[in-house]
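Peer 1: After the sequence you'll find the predicted model.
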Amino acid sequence: MSTNVRTPINRKSQGKALAIIAAFLLLSGCATTTNVQQIDQLESIGEDPRIVLMPPDIRYYLLTASGIPEANAEWTEAAKTNFSKALLEYADGIGANVRTISADNMSPDEIQYETLHSAVGLTLLTHHFGYTKLPSKAGRFDWSLGPGVSAIADNHEADYALFVYYRDYQASGGRVAFAILAAAAGVGVNTGSEHGFASLVDLKTGDIVWFNVVNAGVGELRDADSAAKTVNALFKDIPTASGTPETE
Amino acid sequence: MIHRLPTVFVLIALLSGSTSLARDEPLDHKIPPGYVPEEARDEQGLWMELDELERSLNKSALLVRDPDINNYITEIVCRVAGDYCNDFRVYIIRNPGFNASMTATGMMQIWTGLIVRANSTDEIAAVVGHEIAHYTRLHSLQRLRDIKAKATAGSVFDLAVILATGYNTPLGQMTAMISILSFNREQETEADLLGTRMLAEASYNPHASYKVWQRIIAEEEAAVVKRRKPSMFAQTHPASDARASYLESLVTSTYGDDDAEEVTDEKLLNILNTHYLFLMEDQLDTNRFGRTKELLERHHSIGVEPSLVYFFYGEMFRQRDEEGDKQLAMDAYRHSIEVGTAPPDAYKNLGYLHLKSGDNVAAQVEFRKYLEADPAADDRAMIEFYLEE
């Protein structure tokens, strides 16, 4: 297994500049994805590396007038369904063997690993991609969910697990009106945001072997077409059995 | 600026609710048993988040899974809930604090700290009734809507002040906060009142509703380190003494004086006696000696197995380790051994105290008794090492 980190964000000379650009893009609401890839090719004891998609941790909120988020069940449900469907189609297209498991069919440990993944991913956003780098990591990308995840491999006969975290805050009409009033008063307010990430985890070691971030502008999952676009953007560099797919 | 002040007062008046107990409408359940939200978008979202929370709570390491304790509490919940029984899932959480909670979806949490603080099953039922009333009155949803509406009104007000005067003040949001808390306290009072009625309807002693608060006050008085009075911006609940007093006058005027005979509560005692070690270990670990002592005194008076209570006196003094505590701890351990079947640790910890005093012979006597009482002890090898010396 190769351990090179190919993303330029880890090269010290360019790291800072890119981080600033990334932050700028994020603030200006344009699309930006940030990718870390630890392996070139998936491995399996069998012929075909088997990937299990953990129930995606996706949630949609309505950002109400005062800025208090209100979870939206209908949007969340649609987003989860569209995402899983688009991902399976994408996997089919690149010849990857991906299976889904139902949220109702998870063991206690699997639920804990979902939560752990979200925590690790958010930590990564802050301490690997964000400004507060951890000095002891020295830019290395060596994050892991721990070898305990091998239980997932046994339960679902898989070599890798794909974890997905996504949060979307949509401004309500009231919020937009409030923002206009606030702008008139010279106050800037948040009018919605979206962020998410996906990790491919090697179930032998628990190591995150591939990680990708989605930011503003990419992740509309409530309708099938944009969900497909989001999935394409999110997974375009994911390694497969035959190596990383060619970027279109 | 002066001429703008009336606006502020209008806003404050608009935002603050009345905190009096006088009611226009009769206090009753707002939803039928088996309620599920249909139309409201915010309510569906709330349920979705709570369902996810419940999924992870189900897997929590802090969950007490012992069937005895679960059956005991579930039985209370169902009796108080009546027709609503099937709406609730009860989760007993290992936490020595005095607390219970209920979500809009019927996920009920009971902390073990409540079980060790109750003098009777009725007192646990009183807290359960309060939580069920939150559920049947749709309090979580109302609170959510109240917060949204007031936060918006407050923020818009603040913006309007900036636009009109150029000054940025947090006045609107602060007023909103105070008003939200006042609404919260009103809900608590509502739950106290409806909960007490449910308690009485389920043939529990309604006087338990204020007694449970009197216990909390007594414990607070015994505390070495008192709780700080919450600030104006943190008073989510009415104060314990206020609750005890309005509940006492309500219950006494509705149901008459408490003429119930003091009888031994076998069910509660059975739970305490069987699970005392882990329940009180958590309390002991809070290092709140005044409170722990008050609880031990209470347990002794309601008839908890004395050898267990004395054992924890021993543990308490041994941990505090102030002047004279070592002797008090040794006496308590000995007492625990004399009056019944002491936990094996009583011998061991007594042995260690002897060892500390340099009396190796006496220590070894106790260590032998420890291994006799608990041949499969985890620390057997360690104890045998002391025995060989």
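Peer 2: Received it, and whenever you're ready, just let me know what you need. Not measured: the values here are computed from a predicted model.
Peer 1: Around the residue of the stretch 101-250 of chain B found nearest chain A, how many other residues sit close by?
Peer 2: Residue of the stretch 101-250 of chain B nearest chain A, by C-beta to the nearest C-beta: B:Ala151 (3.6 Å). Every residue, glycine included, has its C-beta placed from N, CA and C. Residue neighbour count, defined by other C-beta atoms under 10 Å in any protein chain shown, stands at 20 for B:Ala151.
Peer 1: got it, and B:Glu384?
Peer 2: B:Glu384 is flanked by 12 other residues according to other C-beta under 10 Å.
Peer 1: you'd agree it is in a strand?
Peer 2: No: assessed by DSSP: H, G, I helix; E, B strand; the rest coil, B:Glu384 does not belong to a strand; its assignment is helix.
Peer 1: do you know how far it is from chain A?
Peer 2: 34 Å (C-beta to the nearest C-beta, to the nearest Å).
Peer 1: Spit out the contact partners of that residue.
Peer 2: Listed by C-beta atoms under 8 Å, 6 or more residues apart in numbering or on different chains, the contact set of B:Glu384 reads B:Leu371.
Peer 1: In which helix or strand does B:Ser179 reside?
Peer 2: B:Ser179 belongs to helix B:171-201 when assigned by DSSP states H and E.
Peer 1: So which other helices or strands are in contact with the helix or strand following that helix?
Peer 2: The helix or strand immediately downstream of helix B:171-201 is helix B:208-222, counting by DSSP H and E. With contacts taken as 3 or more C-beta pairs under 8 Å, 6 or more residues apart in numbering or on different chains; DSSP states H and E, helix B:208-222 sits against helix B:112-117, helix B:121-136, helix B:171-201, helix B:240-255, helix B:289-302.
Peer 1: Quick check: buried residues in helix B:208-222?
Peer 2: Buried residues in helix B:208-222, defined by neighbour count with 16 or more other C-beta atoms under 10 Å in any protein chain shown: B:208-216, B:219, B:222.
Peer 1: and if you look at stretch A:186-193?
Peer 2: Taking 16+ other C-beta under 10 Å as the criterion, stretch A:186-193 shows A:189, A:191-193 as buried.
Peer 1: which bits of chain B sit near chain A?
Peer 2: For chain B, the residues in contact with chain A (C-beta under 8 Å from any C-beta of the partner chain) are B:41-42, B:44-49, B:55-56, B:58-59, B:144, B:147-148, B:151-152, B:154-156, B:159, B:162-163, B:168.
Peer 1: can you rerun that using 7 Å?
Peer 2: When proximity is defined by C-beta under 7 Å from any C-beta of the partner chain, chain B lies next to chain A at B:41-42, B:44-46, B:48-49, B:55-56, B:59, B:147-148, B:151-152, B:155-156, B:159, B:162-163.
Peer 1: Any of these buried? List them.
Peer 2: B:42, B:44-46, B:48-49, B:55, B:147-148, B:151-152, B:155-156, B:159, B:162.
Peer 1: Among those, name the ones in helices.
Peer 2: Among those, the ones falling in helices (DSSP state H) are B:42, B:44-46, B:48-49, B:55, B:147-148, B:151-152, B:155-156, B:159, B:162.
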